[in-house]
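Q: structure for this input, please:
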Amino acid sequence: MSFLINEESMLRCELKKKNYGLCFTCQKQNKINWCKNCEYSTFEKFFSRWSSGNIYIDFVIQETQRNASESTDYLEWIPFGQLDLIEFCGKGTFSTVYSGFWLEGPRWVWDEEGDEWSRNGPIKIAIKRIDYSQNITKEYADKVII
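A: Numbering: from 1, shown residues only. Reported below is the predicted structural model:
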């Protein structure tokens, strides 16, 4: 087996090596296709557009987004209207577990033309309803984050 390598393909290869892991937006060295700084800035823009109804739960979700080390290493608030076919699975001491489908699904691939993430839903997920979640305190949220 033989390969034909010309100057153009060698140049493209060198450019890829130099640009490997650069953020398209801020041009800083980052993980492939993911920039922690730009990603958090995007999340931050949407903080005012969603709420769990409890500021401490919102804080926990926002902290996972702020401290994510990969493109899937965070929590995302899912509005109830994005859930379908919810079924009871079981009851624990402090919560109830359901299964269901997240219609939109998690972010999947960055669409450069649309300048947004495409999503891969619908996807089956586990849903945990925490009893008395409206009463979660700052002290509890701090323990969850640690």
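Q: okay, the residue nearest to residue 127 when sequence neighbours are not counted: pLDDT?
A: Leaving aside its sequence neighbours, residue 127 sits nearest to residue 98 (C-beta to C-beta, 6 or more residues apart in numbering; 4.3 Å). The way it works is simple: take the backbone N, C-alpha and C, and place the C-beta from them, glycine included. Residue 98 is assigned 96 on the pLDDT scale.
Q: one more: residue 39?
A: pLDDT recorded at residue 39 is 80.
Q: ranges for the helices of this protein?
A: Counting by DSSP state H, the segments of the chain that form helices are 7-19, 36-45, 55-66, 138-145.
Q: worst average pLDDT in those helices?
A: helix 7-19 (a mean of 43).
Q: got the end-to-end distance for stretch 112-120?
A: 16 Å (C-alpha to C-alpha, to the nearest Å).
Q: and the contacts of it?
A: 24, 104-111 (C-beta atoms under 8 Å, 6 or more residues apart in numbering).
Q: let's see 10 Å
A: Stretch 112-120 has contacts (C-beta atoms under 10 Å, 6 or more residues apart in numbering) with 24-25, 39, 42, 71, 102-111.
Q: scan these and report the most crowded one.
A: Each of these was scored for neighbours by other C-beta atoms under 10 Å, and residue 39 scores highest at 21 neighbours.
Q: if anything else comes up later, I'll come back, but that's it for now.
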